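K.L.:
model this:
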Amino acid sequence: MKPLRVCFLWHQHQPYYRKGDYFILPWVRFHAVKDYLDLALLLDEFPGMKQTFNIVPSLLLQLNQYISEGVLDRVQVLSAKEPNELTESEKEEILRQFFVCNFQNMVNPYPRYLELYQKAQNNDKFSEQDWLDLQVWYNLTWLGPITRNQTFFRRLFQKGSGFTRKERDTLLSLHLDVIREIVPTLKRLVEFEQIELSVSPFYHPILPLLCDVDIAKVGLPGLYIPEPKFRFPQDAQMQISKGKQYFSENFGFEPNGLWPSEGSLSTEVLDLIANSGFHWTATDSKLLFNSIGSDNILLQYFPYTYSKNGKNLILFFRDSRLSDAIGFTYHRWGIHDAVEDFLSQLKLIRSALVEKFGEDSLEQACVPIILDGENCWEFYPENGLPFLKELYTRLLYENLFVTTTFEEIVKSIPPDNKFRLESIYPGSWINANFYTWIGQPAKQVAWNWLARARTSIENHKSNEEVYKRAMELALIAEGSDWFWWYGDDNIAPNKSDFDELFRWYLQEIYRTLGQAPPDELLKPLSENIATPQLITSSRRLTENSLHILSIELGWGCFNARSTSGTMQTSGAFLSEVFFGNTRELFAVGLRFSKSLSQDDKVKIYFIKPVEFVCEITSNELRINSAEAKKFTRIYFRFTTEMVFGIGLDSLFGKKGDYTGSIVEFFVKTTNETGEIDYPFDGTIIHVVV
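P.N.:
A predicted model of the protein is given here:
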């Protein structure tokens, strides 16, 4: 019996946070000590498990700068400062920043850290010991579950409070020792032939948009892009070449595979990748379906050959459902149920392939599981370690599956591969378009600023040294993350920092060229920068309000276009979740970004004051609850918006005044691409008014 091949790719990426002499954000260091080393070390417990790790050079560069140059991030600076020397503004900054992590898994389990959180919430005065303990706890809670087993780290967890300055300083120092172990550990696993290492373009740009921003109009007809437009395909080539070279300098060999930033491809980019000597690349299955005009899901499990000028490039297409299930769904599930679901889906895929193409097709087919290797784990208990251990154990135990690397698959593909592509539909792994990076006015302004700065650089080619320095700044400014955080589709506590950093690099380009930066770069690109993710209900709704979803009428609103992580899933169709109450009803309103298809389903999970589930399709409402027959005053209407209302007396089981009472719920959407929870982590809480 032939096994189905499963290919994991963990994409490890951070934008370039350096501003002058320090990093303005700590995420490279924190994910290094929590994820990058632990994810690799776990494989020592499972020597039969093969995987691919994708390293973005801008991440690797910053790891090296922490170690070799002694560059510090802002949190390190604040953590190392003596409590009695902290200024009032620094104390305010610490209270803003030092609880930016997953509350449920990284604050709540630790009594002292939780105590400090509650003191901060209550605006209680901090003692010097409080500040010192907070400095330790914020850096301590980011340690991964394998790394924290080191003796000194165990000491701090066991002690819990009353930390000394020496313990704090040792903790910060040992963070750097963890960073030093990442590259040697990865190299060792490569030498053991257990993992493959692939690379991305240097500063993680959206390659098709670098070649020509107008390519976005293929998936977004009618998109407005102001002049001048960014068209510098040579920059795309430079990002690829520099990334490959830096990778080789650090690991001692050339990578065979390139994961394009955000899975973004176009036919022009395929040519650049093939001409750069790579054997394979990958993206999302939606690009395949758009390219071949078919939605036969089984076709995504075959690698495709793209040929140009005598060079072959193999394309892999990720299984969106299984990849996104790990990234966005399974953290809510019990470990056994999550792993069982994952394996059940693989069994269904294998059976379908054998039935359709015969068992010999398994010699060429594979299931690519591709997702970010850092952002999802803090939403799992113990950083996902129990989940991954059971998943790996079960995969190795099942003789129906075998894990492998992408390059091993490439070597097994025959020269006469019948699965071929002449071109590819341009898009990213998010909804098979480029909306997330150029689809809103603020993003378009940012691209316009970048195009103008880049054009200015071209006018200084005669001065080789100035041109080189300015181009390096431009390559940094071309990174995808700056555009990701503009607009209202992604929300984060540090969102304004990305705007600050992007504008700073553009300013530095002009200064390097001996020019004064344009005035517009000196103030925030304010459009939607401060868009809140959640607006609470401001006042009681009227019966007429049920027909109009608007915060002006008193509705609370959760921005469903945003995520609490840094990666969106594909297949999203929910825009906003509205909530509020009339005198007699609690109501939930949903606004959709498109008309719902047969496959699109919505569930509203009520947690408090009573647990039940409302299942909604385009033409039906069903309530799953043993108490459903007792529910009164059920209100339901559906167009491109949906409003569901239920009597407060039904929710609370009695008549009375419910002012100040809590209703807690979350929303789950499902379609062929998988499930999405809103909020991604936690629930929406409404206080009855």
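
K.L.:
what's the burial count for residue 373?
P.N.:
One way to gauge burial is a neighbour count; for residue 373, by other CB atoms under 10 Å, it gives 22. The way it works is simple: take the backbone N, C-alpha and C, and place the C-beta from them, glycine included.

K.L.:
quick one: the helices in the stretch 201-350 of the chain?
P.N.:
207-211, 233-251, 267-275, 285-292, 320-324, 335-357 (DSSP state H, counting those that start in this stretch).

K.L.:
what's the angle from the fourth one to helix 267-275?
P.N.:
Comparing the axes of helix 285-292 and helix 267-275 via axes from the mean of the first three to the mean of the last three CA atoms, to 10 degrees yields an angle of 110 degrees.

K.L.:
now swap in the longest one and tell me
P.N.:
Note on geometry: by the same axes, to 10 degrees, helix 335-357 and helix 267-275 are set 90 degrees apart in direction.

K.L.:
show me what counts as buried in helix 335-357.
P.N.:
For helix 335-357, the neighbour count (16 or more other CB atoms under 10 Å) marks 335, 338, 339, 342, 343, 346, 349, 350, 353, 354 as buried.

K.L.:
need the next SSE after that helix, C-terminal direction.
P.N.:
Using DSSP states H and E, the helix or strand that follows helix 335-357 towards the C-terminus is strand 366-372.

K.L.:
who's in contact with the helix or strand just after that following strand?
P.N.:
Once strand 366-372 ends, the next helix or strand along the chain (criterion: DSSP H and E) is helix 385-397. If you take CB atoms under 8 Å, 6 or more residues apart in numbering as the criterion, helix 385-397 is touched by 6, 38, 42, 45-46, 48-49, 144-146, 330, 335-336, 338-339, 342-343, 380, 401, 403.

K.L.:
please state the offset of helix 385-397 from the chain centre?
P.N.:
23 Å (CA atoms, centre = their mean, to the nearest Å).

K.L.:
then stretch 379-391?
P.N.:
18 Å.

K.L.:
quick check: mean pLDDT across that stretch?
P.N.:
Stretch 379-391 carries an average pLDDT of 97.

K.L.:
got the buried residues for that stretch?
P.N.:
379, 380, 383, 384, 385, 387, 388, 389, 390, 391.

K.L.:
any chance of those in CSV, plus distance to residue 359?
P.N.:
Converted to CSV, those look like this (distance: CB to CB, whole Å):
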residue, distance to residue 359
379, 38
380, 35
383, 38
384, 34
385, 35
387, 31
388, 30
389, 31
390, 28
391, 25
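
K.L.:
out of these, which is nearest to residue 598?
P.N.:
residue 379 (30.3 Å; CB to CB).

K.L.:
and the gap between the residue nearest to that closest one when sequence neighbours are not counted and residue 605?
P.N.:
Leaving aside its chain neighbours, residue 379 sits nearest to residue 331 (4.2 Å; criterion: CB to CB, 6 or more residues apart in numbering). Separation of residue 331 from residue 605 (CB to CB, to the nearest Å) stands at 15 Å.

K.L.:
can you check residue 344 too?
P.N.:
Distance from residue 344 to residue 605, by CB to CB: 22 Å.

K.L.:
just to revisit the earlier point, of the helices of the stretch 201-350 of the chain, which is nearest residue 194?
P.N.:
helix 233-251 (14.9 Å).

K.L.:
pLDDT of that closest one, averaged?
P.N.:
Here the average pLDDT along helix 233-251 is 98.

K.L.:
which secondary structure elements does it contact?
P.N.:
The contact analysis (3 or more CB pairs under 8 Å, 6 or more residues apart in numbering; DSSP states H and E) places helix 233-251 against helix 57-64, helix 165-191, strand 195-199, helix 207-211, strand 257-258, helix 267-275, helix 464-477.

K.L.:
the first one: what's the following helix or strand?
P.N.:
The C-terminal neighbour of helix 57-64 among helices and strands, as given by DSSP H and E, is strand 72-73.

K.L.:
now the helix or strand following that next one: buried residues?
P.N.:
Proceeding N to C from strand 72-73, the next assigned helix or strand is helix 74-80, under DSSP H and E. For helix 74-80, the neighbour count (16+ other CB under 10 Å) marks 74, 75, 76, 78, 79 as buried.

K.L.:
now do helix 74-80: distance to the chain's middle.
P.N.:
Helix 74-80 sits 25 Å away from the centroid of its parent chain (CA atoms, centre = their mean).

K.L.:
ok, stretch 282-294 next?
P.N.:
With CA atoms, centre = their mean, you get 21 Å for stretch 282-294.

K.L.:
mind listing what's buried along that stretch?
P.N.:
For stretch 282-294, the neighbour count (16+ other CB under 10 Å) marks 282, 283, 284, 285, 286, 287, 288, 289, 290, 291 as buried.

K.L.:
which ones are touching residue 148?
P.N.:
Here residue 148 is in contact with 154, 157 (criterion: CB under 8 Å, 6+ apart).

K.L.:
doesn't it fall inside a helix?
P.N.:
Yes - using DSSP: H, G, I helix; E, B strand; the rest coil, the assignment for residue 148 is a helix.

K.L.:
out of the buried residues of stretch 282-294, who's nearest residue 647?
P.N.:
Taking CB to CB as the measure, residue 286 is the one of the buried residues of stretch 282-294 closest to residue 647, at 41.9 Å.

K.L.:
and the helices in the stretch 1-150 of the chain?
P.N.:
Using DSSP H, counting those that start in this stretch, helices in the stretch 1-150 of the chain cover 27-31, 37-41, 57-64, 74-80, 88-97, 103-106, 111-121, 128-140.

K.L.:
quick one: average pLDDT of the shortest one?
P.N.:
Helix 103-106 comes out with an average pLDDT of 94.

K.L.:
do the same with the third one
P.N.:
Mean per-residue pLDDT for helix 57-64: 98.

K.L.:
ok, the fifth one next?
P.N.:
Helix 88-97 carries an average pLDDT of 96.

K.L.:
swap in the fourth one?
P.N.:
The average pLDDT for helix 74-80 rounds to 98.

K.L.:
on that earlier part again, turn the buried residues of helix 74-80 into TSV, columns for distance to residue 433.
P.N.:
Listed next are the buried residues of helix 74-80 as TSV, based on distance: CB to CB, whole Å:
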residue	distance to residue 433
74	35
75	35
76	39
78	40
79	41
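
K.L.:
related to what we said a few turns ago, looking at the buried residues of helix 335-357, which one is closest to residue 262?
P.N.:
For the buried residues of helix 335-357, the nearest to residue 262 is residue 342 (23.8 Å; CB to CB).

K.L.:
buried stuff in stretch 121-133?
P.N.:
So for stretch 121-133, counting by 16+ other CB under 10 Å, buried means 126, 130, 131, 132, 133.

K.L.:
and which of those is nearest to residue 546?
P.N.:
residue 126 (46.0 Å).

K.L.:
residues touching residue 130, list them.
P.N.:
116, 119.

K.L.:
secondary structure class for the residue nearest to residue 623 when sequence neighbours are not counted?
P.N.:
Excluding its sequence neighbours, the residue lying closest to residue 623 (CB to CB, 6+ apart) is residue 614, at 5.5 Å. Recorded secondary structure, residue 614: strand (three-state DSSP).
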